[in-house]
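1. Generate a structure from the sequence data that follows.
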Amino acid sequence: MLGVRTGLALSVGVVVALAAIGSLLEYDGAEARGVAMQGAIVGPARVIDGDTVEIRGTRIRIQGIDAPEMDDTCLRPDGSAWACGVWSTEVARERFGGRTLHCEDLGERSWGRVVGRCLYGDVDVAEAMVETGAARACPRFALQHAHSRGYMEVEQSAAAAGRGIFDGTPPPLAGFCRTGGGDRSASVQVSDRRDCVIKGNINAEGERIYHMPGQRFYDATRINEAAGQRWFCTEDEARAAGWRPARH
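-> Numbers count the residues shown, from 1 in each chain. As a prediction, this is how the structure comes out:
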C-alpha cells in the first residue's frame, strides 16, 4: 500500500513539473513570436520608419512623436536640402533594428496599427529619437500620457543644440499633432476634431485633390494652408469645397 501511495505521489509530481515546464515554454514561445501578453508586445523589432516598428507581424505606431516621412527633406542653415526622412529611419534602424523591444499596447489604434510605448531595456525609444533630433514631439498625443509629456522638453533641448533635423529647418509638424496653437510651423493648422484627417492638396497643375488615410500618397502629402491647402473632416466637405478624390 505504501508503494502505491509513493508511486501516485511521484506521478502527481511529474505531472505538475511537466505542466510548469509547458507553461514556461508557452510563455517563451509567445515572447519570441512577439505576442501581446498582459498588454505587452515583446520581440525583435523591424523598423519601418522613424516612428513605426513591427514585432512579429504586429505594427506599432510609437506614441507621442512624429518622425519625418521617408521622402521628407530638411534645410541646412545654408539653405541646402538633405534627406532627413531617410536619415531618421536609418537612426532608428541602427539603434533599435533587430533589438528586443518591450512595447506597451496603450489600447489606441492608428489606421490598423497598435499605438504603444516601446522600451529597449530602460531606454524609451520615442524619447531617444527626439533627443537625437530624429523625430519631433507630437503635442496633441504626447499630452495624453504621463510618460510622454516630457517629450516636448526633450525636443526643446535637441532644438537648442541643433541636433539632427533641428540643424536648420525641420519639416512641418504633422497636422494631426497640433493642439491648436503655439507651434513654430504656423503654416500648418488642423481642426481640434480628431476625425479631420483628410488631406486637401493642390498639385503643380493647380488641381485640388484630397487624399484619404491609407491611400498611396497620403503619408507623403504635407498640407500648407498658406498655399491654399487644407484639412477636411468628411469627403462631402472636401467635395463641396471643390476638391476631387485621389485616384490611388
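
2. So what's the residue count around R208?
-> When neighbours are defined as other Cβ atoms under 10 Å, R208 has 16 of them. From N, CA and C alone the C-beta is placed, and that goes for glycine too.

3. That one pairs with what?
-> Under DSSP bridges, the beta-bridge partners of R208 are I202.

4. Contact partners for it?
-> G200, N201, I202, A241, G242, W243, R244 (Cβ atoms under 8 Å, 6 or more residues apart in numbering).

5. at 7 Å what do you get?
-> G200, I202, G242, W243, R244 (Cβ atoms under 7 Å, 6 or more residues apart in numbering).

6. you'd agree the third one is in a strand?
-> No: the assignment for G242, made by DSSP: H, G, I helix; E, B strand; the rest coil, is coil rather than a strand.

7. got the phi/psi numbers for it?
-> Main-chain torsions, G242, degrees, to the nearest 10: phi 100, psi 10.

8. In space, what's closest to it - neighbours in sequence excluded?
-> R208 (5.5 Å; Cβ to Cβ, 6 or more residues apart in numbering).

9. Now do stretch 141-149, average pLDDT.
-> Here stretch 141-149 scores 88 as its mean pLDDT.

10. what's the longest strand in this protein?
-> The longest strand of the chain (DSSP state E) is strand 100-110.

11. Who are the packing partners of that strand?
-> Contacts defined by 3 or more Cβ pairs under 7 Å, 6 or more residues apart in numbering; DSSP states H and E place strand 100-110 against strand 40-44, strand 52-55, strand 113-120.

12. Would you mind writing the CA trace of stretch 77-94 as PDB?
-> The C-alpha trace of stretch 77-94 is given here as PDB (Å, rounded to 0.1, in the frame of the first residue of the first chain):
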ATOM      1  CA  PRO A  77      21.400  76.700 -42.200                       C
ATOM      2  CA  ASP A  78      22.900  77.500 -45.600                       C
ATOM      3  CA  GLY A  79      19.600  76.600 -47.300                       C
ATOM      4  CA  SER A  80      20.800  73.300 -48.800                       C
ATOM      5  CA  ALA A  81      18.400  70.400 -48.600                       C
ATOM      6  CA  TRP A  82      19.100  66.900 -47.100                       C
ATOM      7  CA  ALA A  83      17.200  63.700 -46.900                       C
ATOM      8  CA  CYS A  84      16.300  63.900 -43.200                       C
ATOM      9  CA  GLY A  85      13.400  61.400 -43.600                       C
ATOM     10  CA  VAL A  86      15.800  58.600 -44.800                       C
ATOM     11  CA  TRP A  87      18.300  59.600 -42.100                       C
ATOM     12  CA  SER A  88      15.600  59.400 -39.400                       C
ATOM     13  CA  THR A  89      14.800  55.800 -40.400                       C
ATOM     14  CA  GLU A  90      18.500  54.900 -40.500                       C
ATOM     15  CA  VAL A  91      18.900  56.200 -37.000                       C
ATOM     16  CA  ALA A  92      16.000  54.100 -35.800                       C
ATOM     17  CA  ARG A  93      17.300  51.000 -37.600                       C
ATOM     18  CA  GLU A  94      20.900  51.400 -36.200                       C
END
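
13. sorry, back to before: by neighbour count, which of the contacts of R208 wins?
-> W243 (23 neighbours).
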